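[1] Give me a model of this one.
(chains A, B, C and D)
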There are 4 protein chains.
Amino acid sequence: MSGNTIGTLFTVTSFGESHGPAIGCVVDGCPPGLAICEADIQAELDRRKPGTSRHVTQRREPDAVEILSGVFEGKTTGAPIGLLIRNQDQRSKDYGNISEQFRPGHADYTYWQKYGIRDYRGGGRSSARETAVRVAAGAVARKWLFERYGITIQGWMDQLGPIEIPFVSANDIRENPFFAPNNGIVPELEAYMDALRKDGDSVGGGITVAARGVPAGWGEPVYDRFDADLAHALMGINAVKGVEIGAGFDAIAQRGTEHGDEITPQGFLSNNAGGVLGGITTGQDIVARIAIKPTSSIRTPRRSINVRNEEVMVETFGRHDPCVAIRATPIAESMMAIVLMDHALRHRAQCADVDSGLPLVPASAPGA
Amino acid sequence: MSGNTIGTLFTVTSFGESHGPAIGCVVDGCPPGLAICEADIQAELDRRKPGTSRHVTQRREPDAVEILSGVFEGKTTGAPIGLLIRNQDQRSKDYGNISEQFRPGHADYTYWQKYGIRDYRGGGRSSARETAVRVAAGAVARKWLFERYGITIQGWMDQLGPIEIPFVSANDIRENPFFAPNNGIVPELEAYMDALRKDGDSVGGGITVAARGVPAGWGEPVYDRFDADLAHALMGINAVKGVEIGAGFDAIAQRGTEHGDEITPQGFLSNNAGGVLGGITTGQDIVARIAIKPTSSIRTPRRSINVRNEEVMVETFGRHDPCVAIRATPIAESMMAIVLMDHALRHRAQCADVDSGLPLVPASAPGA
Amino acid sequence: MSGNTIGTLFTVTSFGESHGPAIGCVVDGCPPGLAICEADIQAELDRRKPGTSRHVTQRREPDAVEILSGVFEGKTTGAPIGLLIRNQDQRSKDYGNISEQFRPGHADYTYWQKYGIRDYRGGGRSSARETAVRVAAGAVARKWLFERYGITIQGWMDQLGPIEIPFVSANDIRENPFFAPNNGIVPELEAYMDALRKDGDSVGGGITVAARGVPAGWGEPVYDRFDADLAHALMGINAVKGVEIGAGFDAIAQRGTEHGDEITPQGFLSNNAGGVLGGITTGQDIVARIAIKPTSSIRTPRRSINVRNEEVMVETFGRHDPCVAIRATPIAESMMAIVLMDHALRHRAQCADVDSGLPLVPASAPGA
Amino acid sequence: MSGNTIGTLFTVTSFGESHGPAIGCVVDGCPPGLAICEADIQAELDRRKPGTSRHVTQRREPDAVEILSGVFEGKTTGAPIGLLIRNQDQRSKDYGNISEQFRPGHADYTYWQKYGIRDYRGGGRSSARETAVRVAAGAVARKWLFERYGITIQGWMDQLGPIEIPFVSANDIRENPFFAPNNGIVPELEAYMDALRKDGDSVGGGITVAARGVPAGWGEPVYDRFDADLAHALMGINAVKGVEIGAGFDAIAQRGTEHGDEITPQGFLSNNAGGVLGGITTGQDIVARIAIKPTSSIRTPRRSINVRNEEVMVETFGRHDPCVAIRATPIAESMMAIVLMDHALRHRAQCADVDSGLPLVPASAPGA
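    Next up, the predicted model:
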């Protein structure tokens, strides 16, 4: 395989290019009997889709999903679920000028080095367009996790370029185009983005994603730790350059007396662990954070080379997100969901008969 | 599988507990014809082994490795390489008092929740002792990467608790027990550690690891990106809470004009990418950084529960590293080596025939 | 995963039900630069498609394939190849009477036991309709194997029910609807099938498949032997109950002096091995044979139960192949191709640098 | 990976050569809480071990197994189980004369072609000695299958060269060195073997293996069918050239009215399916049969080549089984056990919540 499948028991196999006829995926391993329909999946796709505010790409894609298999009379059958999204608003001619050039910071160069051939239209396979199928697959996982375990997953933007976004309210997240948990800061974010577009530049962002209600005991202890698989899934999102769990890089300067979360019969007293110890979930909220780099497709001219190793100046036209982090929240949530569902299944394969005698989700598990 | 195997084509399958008779692994997928002997592996193991300074655990383990298979007349045959390390200095009785308790911040609790049974002696399977086999396996990968491609891998400690360690010289790394690239700062590190031990406390650390000479084109573009697999491997090291590639979390506040590394016919002009674009290596140095949390086994009493969900105070005796980060450098290097070798093989499986026409390792690839 | 993916490096992930909107697959791991188009794939699909003679199901499906991704300007890019075939001639109402019953010898019963839910329309996921996507994926593998190595794959029917079919000419295979290498026997086969249909019964068949031009050295020696993976792939075809390689079951009564194929500098003197020794290809023709059971969907009433464990008599209407073996030849060829391509890639991953000094395809390798 | 791991959730990773220091394996994925000790495993190893009658190799190996990990206070912990068997009776000098020659019918030739290097001592990795670790791993699976589900697995020799062995009594199997279910035929088998040895020749054999008590519903429906995975596991045993399930090759000449096993509320009326329909177990006995070729290492001189492609005559001295089928019964049982356990875990991962409403093991499931 060339790495287009993620998961061990709950697997998602993705295909499709930005400007090809369609993108899609095969979701395999979903237990039978889950009620799911296209509207369930569409609701998640609509959160990620382009063209919904002036701060994201103006490409207009309805991202309408078709369920091709695996669902019968409204329920999953245990057979693989084929999901298809037709591309509709390609403007491939925008990309003619970069067909032989490499954008600094873009996968153009590495695809060429790897394959010796490149579908340059809209970034081809390297486009963030592929992430739509992750959101579609993630919708299946989210529904199962909620119906079977009551698990909920929520992400938000915690930083836009230099602007840190204090967490005010989870309710705010759905009320602004940034997924910011803080409606009050939105005018500042909008002003920043408007200036950025004028500059023909782009910027990075930080996203936090948390899962609540995950039972203790999920994850494998050595290589396929829950947090290791989560890091794999999150670092596998386009443009991500860093992943933290719980205290993350702050743990470096912490002492053991500060970092180790004390336990009481009612639950943990803190969550520096981010819900994972020894690679296995603790029953607390799983909390992860990712760093997203600035988009490499910008209007400002930059030094680069072409396929003949000649010097060129590259300017990118076409329609791009000046901050891909803005639409990344549903993607990060989806990857969290996919990893959780995979480990739920892995856990019950080996440990279905185990009863530890302790509550699996502590009563007072502190929030994210 | 329960996650004790890492890799797709170059695989390492690990077994063993801290106080069991032995630890070991099976290294599968090594190409035939590589000259390797026990001394090659021992040299790497000796860099990680315990008891070499007063700042690490005083357990005395020679970590003597035996090659059980896969090597004939000094060369690999293509058959799996069985590696065995006998445990010699167990003091299991030190652990009797915690056999029914959970140390805050330790995998004690999650193992119990997952399996309902726990080899509590020395942390059992969750002990960092398991990482010795990663170093042994990594030694095979390092040798092959160097002989086949000239690739070198070097890690160092960049932060010990609150003390940041400026990079002075790669030569210094081997000359102090901290793997610090800076001999001048060693007295400060030693004083810090001495005070920490007196306090019965522990602390975290930061490690950077870099690979030089990696050709462009390794890595798969979507889920199994090179950086995603590297994040999986590094986050899968005991106590790691964060992973960054290249600019990492600093990329959040960067603009596209700053972050995107410009290219010339002679190579890249910067390395914010950390050697990976779109999940595929660029030919520059691969640079990753990890955050390691403070050890959870400390002498200071802390609040916790036991297996009957009753309140207890936990104090940990036994022999422990007050800063596991000190011995983590060879482990991080080894995981980098294992991921590189796996992707080397994956790359040539699919792209053995490709010639991009560009140099695979740019002449002037800037250092880490 | 739920077993809908085959292969390790060249993988096919299949989805779709007999009477759902579409079937399809994702082909991952194909090297870049292979010239492929829909017509290449369609040619293979047309060999398997239903409704082409009175001896097979009368369902009319054009089996028109659409390439959704992975091909750019006529060449594979290294990205996953999405293939889609819309279902067009479903008559789901034919199946209403068996929606709560289990056909003797059919997967109806085991799907119900496994999943507790069943898409009964046309057999749902258990239908041989799914094999169309294997043929589509196999077409990609066949093209690559031929262009890269000159490998050709040819299957034929060697037995229809009680009638053994002597091999007369490979040319005959394409000239009759049975894939019989013997045009002279066709009238007998037709008369047998006509009588069988009148009886409302079905019958089994035997298929041989051979690959020519495969280099020596492909395959892994212990569990994932080339012949073991081939057995997995062939036994994984609907209705297959037996797999032989080379001398197969005749090897039981052979002596070592008879069975072991002698070698000369010009090649082997016989091919009892069927082209595989120790799980690795010898450079001779790979020869495998499969046994296909009679179709379970027959008009003759039979004793069975329903989902409430009550006795019923089952008669199957709808449109079925009275001998599924008749259309199985292209499927068996495709599975051979998929396994060959997977092992080609696995081989070069580990052994790309090996030169044994011996010819990889013996000059006089005897035919099948 | 180079194919030295079998299984998806219950995995066995094998290492070791015939004349190296040791063979062994890592068994991963065993649920926690299974009572297992070295004596449990040794009992199975003793059934396979060499030197127990004059009809098998005279190499004296105690095959003493050491459990290195994964078991604590007599129970599995969920951690990987390391198993080690030291080699003790190597006589490598016996093999000097064939170090540059290839035995007809032996993996000598293909290993050389694949790897360009070969541990020729005793067949190295290609030796049937490796199968000891399969029996050790299988012992773990058998114990779990029996304790958790009451499943029993029994194999027997059904044919020795030209002599078919009618099934008389399961009790006889343990009472003769051939695993023949028929003590009366043993003198004929002994006379045949004595004559064969005098001739310096070898012969093939047939083995049947059956599992009783397997619940309905195990297996994946498309590629990883239970029977496909079983075929992979059985064809992966050294010297196997054919695999049948249930009616096997006889199904070719059967009609649907004969082959399809009728069902009643009390169970099936026959077992042509061999306990598998659509790749999923039916609750009946799983019945498989394998064909084992004659040993290639024989004293009779044969034509071959050496590593320089020169003509040679090969005679094999050393100690060999003249009929490897004689010791193959415990190996086949072990592979059946490994596949069953893997699918038990896979089944409960996806379908742990399913209740079909039907009995999973029919009351009157007929025997093999």
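
[2] helices and strands around the longest helix anywhere in chain A, which ones?
    The single longest helix within chain A, with elements called by DSSP state H, is helix A:328-351. Using 3 or more CB pairs under 8 Å, 6 or more residues apart in numbering or on different chains; DSSP states H and E as the contact definition, the elements that helix A:328-351 packs against are helix A:38-48, helix A:131-149, strand A:152-160, strand A:205-212, helix A:226-235, strand A:286-292, helix B:108-115, helix D:328-351. Any C-beta I mention is one placed from the backbone N, CA and C, and that applies to glycine too.

[3] can you give me the offset of it from its chain's centre?
    12 Å (CA atoms, centre = their mean, to the nearest Å).

[4] Output the helices and strands packed on helix A:328-351 as a markdown table; include the columns mean neighbour count and mean pLDDT.
    A markdown table is the format used below for the helices and strands packed on helix A:328-351 (neighbours: other CB atoms under 10 Å in any protein chain shown; pLDDT from 0 to 100):
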| stretch | mean neighbour count | mean pLDDT |
| --- | --- | --- |
| helix A:38-48 | 18 | 95 |
| helix A:131-149 | 24 | 98 |
| strand A:152-160 | 22 | 98 |
| strand A:205-212 | 24 | 98 |
| helix A:226-235 | 30 | 98 |
| strand A:286-292 | 27 | 98 |
| helix B:108-115 | 27 | 96 |
| helix D:328-351 | 27 | 97 |
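
[5] how about these in a markdown table, adding distance to residue C:7?
    Below are these laid out as a markdown table (distance: least, CB to CB, whole Å):
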| stretch | distance to residue C:7 |
| --- | --- |
| helix A:38-48 | 28 |
| helix A:131-149 | 21 |
| strand A:152-160 | 32 |
| strand A:205-212 | 32 |
| helix A:226-235 | 21 |
| strand A:286-292 | 31 |
| helix B:108-115 | 32 |
| helix D:328-351 | 18 |
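
[6] what's the closest of those to residue C:201?
    helix D:328-351 (32.6 Å; CB to CB).

[7] Contact partners for the residue in the stretch 101-250 of chain A that chain B sits nearest to?
    Residue of the stretch 101-250 of chain A nearest chain B, by CB to the nearest CB: residue A:107 (2.3 Å). Taking CB atoms under 8 Å, 6 or more residues apart in numbering or on different chains as the definition of contact, the neighbours of residue A:107 are A:123, A:126, B:221, B:277, B:278, B:279, B:280.

[8] Quick one: residues contacting the residue lying farthest from the centre of chain A.
    Residue distances from the centre of chain A (CA atoms, centre = their mean) peak at residue A:310, which lies 36.0 Å from the mean C-alpha position. Taking CB under 8 Å, 6+ apart as the criterion, residue A:310 is in contact with residue B:265.

[9] Looking at it now. What's its pLDDT?
    The pLDDT attached to residue A:310 in the predicted structure is 95.

[10] cool, the one 4 residues further on as well?
    If you check residue A:314, the pLDDT there is 93.

[11] Is it in contact with residue A:99, as I believe?
    No. Taking CB atoms under 8 Å as the definition, residue A:314 is not a contact partner of residue A:99, at 11.7 Å.

[12] Next, the nearest residue to residue A:315 once chain neighbours are set aside: phi, psi?
    Closest residue to residue A:315 in three dimensions, ignoring its sequence neighbours and counting by CB to CB, 6 or more residues apart in numbering or on different chains: residue A:301, at 4.8 Å. Torsion angles at residue A:301 (phi, psi; degrees, to the nearest 10) stand at phi -70, psi 140.

[13] distance of residue A:301 from chain D?
    In this view, residue A:301 and chain D are 47 Å apart by CB to the nearest CB, to the nearest Å.

[14] who's in contact with that residue?
    Applying CB under 8 Å, 6+ apart, the residues near residue A:301 are A:313, A:314, A:315.

[15] which of the residues you listed are buried?
    residue A:314 (16 or more other CB atoms under 10 Å in any protein chain shown).

[16] returning to that earlier point: and which of the contacts of residue A:107 is nearest to chain C?
    Of all the contacts of residue A:107, chain C sits closest to residue B:221, with 7.4 Å by CB to the nearest CB.

[17] That closest one is in contact with residue B:281, isn't it?
    No. In this structure, residue B:221 sits apart from residue B:281 without contact. The criterion is CB under 8 Å, and the distance is 11.6 Å.

[18] Which one's more surrounded, these two?
    residue B:281 (30 against 27; other CB atoms under 10 Å in any protein chain shown).

[19] Contacts only, for that one.
    Residue B:281 neighbours (CB under 8 Å, 6+ apart): A:110, B:214, B:215, B:216, B:217, B:218, B:219, B:226, B:275, B:343.

[20] For residue A:325, see how far away the closest residue to residue A:41 other than its chain neighbours is.
    With CB to CB, 6+ apart as the criterion, residue A:41 has its nearest non-adjacent residue at 4.3 Å, and that residue is residue A:139. In this structure, residue A:139 and residue A:325 are separated by 21 Å, where distance is defined by CB to CB, to the nearest Å.

[21] same check, this time on residue A:182
    Spatial separation of residue A:182 from residue A:325 under the definition CB to CB is 15 Å.

[22] So for the two, which residue has more residues nearby?
    Per other CB under 10 Å, whichever of residue A:182 and residue A:325 has more neighbours is residue A:325, with 30 against 20.

[23] and the helix or strand hosting residue A:23, does that touch chain C?
    Using DSSP states H and E, the element containing residue A:23 is strand A:22-28. Yes. Looking at strand A:22-28 against chain C by CB under 8 Å from any CB of the partner chain, the contacts come from A:22, A:23, A:24, A:25, A:26, A:28.

[24] other SSEs contacting that strand?
    strand A:11-16, strand A:81-86, helix A:131-149, strand C:11-16, strand C:22-28, strand C:81-86.

[25] ok, and what's touching that strand?
    Contacts of strand A:22-28 with the rest of the structure, by CB under 8 Å, 6+ apart, involve A:10-17, A:70, A:80-87, A:129-130, A:132-134, A:136-137, A:140, C:1-2, C:4-5, C:13-15, C:25-26, C:68-69, C:82, C:84.

[26] cool, and stretch A:40-48?
    Applying CB under 8 Å, 6+ apart, the external contacts of stretch A:40-48 come out as A:63-65, A:67, A:83, A:85, A:131-132, A:135-136, A:138-140, A:142-143, A:327, A:329-331, A:334.

[27] Could you find the closest non-adjacent residue to residue A:219?
    Sequence neighbours aside, residue A:226 is the residue nearest to residue A:219 in space, at 3.0 Å (criterion: CB to CB, 6+ apart).

[28] tell me the contacts of that neighbour?
    A:218, A:219, A:220, A:276, A:279, A:280, A:281, A:286, A:339, A:343.

[29] now with 6 Å?
    Contacts for residue A:226 (CB atoms under 6 Å, 6 or more residues apart in numbering or on different chains) come out as A:218, A:219, A:276, A:279, A:281, A:343.
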